[in-house]
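**Student:** give me the fold of what follows.
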Amino acid sequence: MGKRNKKVVKEEPLDLSKAEKILDKYEGVDGCLIPVLQQIQNAYGYLQEPAMNLVSERLNISVSEIIGVATFYAQFHLKPRGKHIIKVCCGTACHVKNSKNLSARIEKRFKIKKDETTEDKMFTFEEVPCVGACGIAPVVVFDKDVHGTLSPDKLDGVLDGYTK
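**Tutor:** I've put the predicted structure just below:
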């Protein structure tokens, strides 16, 4: 068998000073795990292993419990995300109006699957259960901008506005 060439990305050591300051504010506070994780994610973009290890040590909570909380709530992310988040609604109204075609167009255009991020870290693509805009189905949310009644061709025009 031939060897597969796989890019190895060497990560820089994480500067934990921001996480330390966040944890200092919560010293001795019971039930602070979720706000601590929220603030650390805001500071670093996602929950990185060294930061979770520090949280474990400082709050005396096992890493497995922290990961359990972080994976239970959709707001937390354990992998880097793009600068821009593209969400395709897959709720009933959007599904009936072929939102899967919109997902397929995004996958083809950015060469990523759902829950992946482009190599340049510009775009992350997600499918979500419902965005609450059923009247304008199918819907795509780009960052915080809601775009409705989309076809794959109309979606291309919307995406052009964000990628230029």
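
**Student:** how far does stretch 79-92 stretch from start to finish?
**Tutor:** 28 Å (C-alpha to C-alpha, to the nearest Å).

**Student:** so, low pLDDT: which residues of this structure?
**Tutor:** Scanning the chain for pLDDT under 70 picks out 1-12.

**Student:** quick check: domain ranges of it?
**Tutor:** Here the domain assignment for the chain is 17-72, 84-163, based on automatic domain parsing.

**Student:** quick one: the helices in the chain?
**Tutor:** 17-25, 33-44, 49-59, 63-72, 92-96, 99-110, 152-163 (DSSP state H).

**Student:** now the first one, how far from the chain's geometric center?
**Tutor:** The gap between the average C-alpha position of helix 17-25 and the chain average comes to 23 Å, counting by C-alpha atoms, centre = their mean, to the nearest Å.

**Student:** buried stuff in it?
**Tutor:** 19, 22-23 (16 or more other C-beta atoms under 10 Å). Every residue, glycine included, has its C-beta placed from N, CA and C.

**Student:** which residue is nearest the middle of the chain?
**Tutor:** Arg81 (5.0 Å; C-alpha atoms, centre = their mean).

**Student:** who's in contact with that one?
**Tutor:** Listed by C-beta atoms under 8 Å, 6 or more residues apart in numbering, the contact set of Arg81 reads 45-46, 117, 124.

**Student:** picking up where we left off before, adding distance to Gly132, write the helices of the chain out as a markdown table.
**Tutor:** Shown next, in a markdown table, are the helices of the chain (distance: least, C-beta to C-beta, whole Å):
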| stretch | distance to Gly132 |
| --- | --- |
| helix 17-25 | 31 |
| helix 33-44 | 22 |
| helix 49-59 | 32 |
| helix 63-72 | 22 |
| helix 92-96 | 10 |
| helix 99-110 | 14 |
| helix 152-163 | 19 |
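
**Student:** many thanks, have a good one.
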